[in-house]
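J.: with the sequence up front, the predicted model follows.
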Number of protein chains: 2
Amino acid sequence: MSNSASESLVAVTRGPITESVHRGHLAAVDSSGRLIACIGDAGFYTYARSTAKLLQAIPLLEMGGADQFLLTEAETALVCASHNGEPKHTITAASILAKAGLDVSALDCGPQEPLLKSEADRLKYEREPATPVHNNCSGKHAGMLALSRLMNVSTHQYTRPEHPVQQKMLQTVSDMCGIPASQIRIGVDGCGVPVFAMPLSSLALGYARLGNPDGLEPARADACRRILSAIGHEPFFLAGTDRFDTRLAEVTGGRIIGKMGAEGVFAATIPSEGVGLAIKLEDGAERALYPAAAEALLQLGFLSEAEAQLLEPFHRPYVVNRRGENVGRLEPVFRLSHL
Amino acid sequence: MSNSASESLVAVTRGPITESVHRGHLAAVDSSGRLIACIGDAGFYTYARSTAKLLQAIPLLEMGGADQFLLTEAETALVCASHNGEPKHTITAASILAKAGLDVSALDCGPQEPLLKSEADRLKYEREPATPVHNNCSGKHAGMLALSRLMNVSTHQYTRPEHPVQQKMLQTVSDMCGIPASQIRIGVDGCGVPVFAMPLSSLALGYARLGNPDGLEPARADACRRILSAIGHEPFFLAGTDRFDTRLAEVTGGRIIGKMGAEGVFAATIPSEGVGLAIKLEDGAERALYPAAAEALLQLGFLSEAEAQLLEPFHRPYVVNRRGENVGRLEPVFRLSHL
């Protein structure tokens, strides 16, 4: 848990000088766990935060939930999402719950204003309160509740670490990431469920296997493929309007699926290469996450120059002042090399 | 402009581990410029951002503006403020402009939602647009416009670097901070005016002299004293509800006056000790600024334990999730020693 080995990933310039710098760690591994690229400390221990959502969606599909509840690909993508709380997202979360015979009162994630500012503003203009269904994690929670139904366990206190659904989450993340559950450190997430801390390289391995599940047992491999297919076909439901994760899947036609997490965490899978990537910004800054992620994917040759160009507003965003002037810029400053 | 010498200042814990870390630099100097305490690189070059506002208020008072325009202490404090955009703040900004024979249409800072969330929300509930007078810098801009009147120069394009008011700002900051204007690097601020980059120790010196202006010429020394007196008597107008800068002045009865700036900058003056302090968070994170500032003032013996206790919500704030649970905490992690 030392941070001494972090390296500068993204600089924030203003006028003639660098005003701020974001440091971090990065690990890219193949599905055998071999480290193929690294910055800082590949073994840096950190919470996976919302990057775990794609792995946490596995049990629901693996156990036949998508078929039993007739989930659409949009609904499956939403189970993996940190969504914007846009109407399409909230309607879809409610639909998952309805298919599982539940309603939004079952959600125990707490209320949150929609992440999309224009939607948060609209609620205020219309004096409509933000509710748990607007919470960016409502799809994940709906998925956990549906899994409770599938497992024939009570939905009561489904967010508690000892609840069978959370035990299932822990075991699945442990299996996928190749780290014993006893070595996963557990905290509480922004939405109340357990979050899992592990070395970055383990998180990257989980994503490598998600993208190349050939070595996994058939039901799990099928679940992994269906999750990535759902997100590739319905990327809006992974995040939403003006969001990097959605644009990355759109721009690459689903060839790369990436997921952000709070406190500066990002993970991506490149199925055609069998590679998983994980990034942690030391200071937790979301603003530096997409410049770092896009640059890493570009330098590793997974993202083409043309695709990077389409992601430019995320890759090298301007600092804009209140008069609408560009007064600075975020710029990746690292050099990544294959090991 | 190297960042290699930064040190860890504040850790963000969640459950059993440290999730994120904020690094930075700190310099404390006396009014002769002697470094009395340091972390990281005391010579680290960074923009003063809004910490410059107290120094930028000097010309208006030095040239007799407070007397000519009959400015109240609340109005003088607002000229130094990054205010919350609360009704008392916006009314006071409008009042400064009116006393200078101008109105809010003269403001060229761009519109900004009030920093105080409940006030920003109120505007939306009432469908009232945010305007330049809500901009946290509107007091500074009103002061610059009043200074234009006092100097008998056009208010047109008063934000341009070549405008006499901005030249006056640069020269005053240069004088106070003991650094030639030619060595101050200039960028554009969030509100459109020039921002000044200098070594942290120079910014600290500016604040040391602001608090102990005995060596300055009488009109300037008087201006410094009036600025600190105004803030000490009217701390609400320096920031506002639930803001550290306001609480610091309140809790210490004006014995310490501190000012935050964007991108993780903080400066404070302790007039009774003749000391100035300046902090820069490497990553620009505001959330780590008050834990670092309160801890530094405590370790240097300027803040009492009882005062620190009153500032606890800023000094060691909890990370709260969307269900209202405390799931982590920000904790200062540095050890400061007098040189």
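T.: Yep, that arrived.
J.: show me the helices in the stretch 101-250 of chain A, by range?
T.: If DSSP state H, counting those that start in this stretch is used as the criterion, the helices of the stretch 101-250 of chain A fall at A:117-125, A:138-150, A:164-177, A:200-211, A:218-233, A:244-251.
J.: now the strands for the stretch 1-150 of chain A?
T.: Using DSSP state E, counting those that start in this stretch, the strands of the stretch 1-150 of chain A run over A:7-14, A:17-30, A:35-39, A:45-47.
J.: around chain B, pick out the residues from the stretch 101-250 of chain A.
T.: Contact residues (CB under 8 Å from any CB of the partner chain) of the stretch 101-250 of chain A with chain B: A:108-112, A:121, A:124-125, A:127, A:135, A:185-192, A:195, A:197. (Glycine included, C-beta is placed from N, CA and C.)
J.: same thing but 7 Å
T.: Residues of the stretch 101-250 of chain A found near chain B (CB under 7 Å from any CB of the partner chain) are A:109-112, A:121, A:124-125, A:127, A:135, A:185-192, A:197.
J.: now those: which count as buried?
T.: A:109-110, A:112, A:121, A:124, A:135, A:185-192, A:197 (16 or more other CB atoms under 10 Å in any protein chain shown).
J.: okay, now the unreliable bits of the stretch 201-339 of chain A?
T.: For the stretch 201-339 of chain A, no stretch has pLDDT under 70.
J.: 90 - rerun?
T.: For the stretch 201-339 of chain A, the stretches with pLDDT under 90 are A:337-339.
J.: relative to chain B, which residue of the stretch 101-250 of chain A is the closest?
T.: Closest to chain B within the stretch 101-250 of chain A is A:Gly187: 2.7 Å, counting by CB to the nearest CB.
J.: identify the bridge partners of that residue.
T.: Listed by DSSP bridges, the beta-bridge partners for A:Gly187 are A:Val195.
J.: also A:Val319?
T.: Bridge pairing for A:Val319 - DSSP bridges - gives A:Gly328.
J.: one more: A:His25?
T.: Counting by DSSP bridges, A:His25 is bridged to A:Lys280.
J.: so what's it up against?
T.: By CB atoms under 7 Å, 6 or more residues apart in numbering or on different chains, the contact list for A:His25 reads A:Ser6, A:Ile39, A:Gly40, A:Asp41, A:Phe44, A:Leu200, A:Lys280.
J.: which residues touch A:Val319?
T.: A:Val319 is in contact with A:Val12, A:Arg14, A:Val327, A:Gly328, A:Arg329, counting by CB under 7 Å, 6+ apart.
J.: burial of the third one, as a residue count?
T.: In terms of burial, A:Val327 registers 20 neighbours under the definition other CB atoms under 10 Å in any protein chain shown.
J.: so who does the residue nearest to it when sequence neighbours are not counted touch?
T.: Among residues not flanking A:Val327 along the chain, B:Val188 sits closest, at 4.2 Å (CB to CB, 6 or more residues apart in numbering or on different chains). Shown in contact with B:Val188 (CB under 7 Å, 6+ apart): A:Gly15, A:Asn321, A:Glu325, A:Val327, B:Pro194, B:Val195.
J.: distance of B:Val188 from A:Arg322?
T.: Using CB to CB, to the nearest Å, B:Val188 is found at 11 Å from A:Arg322.
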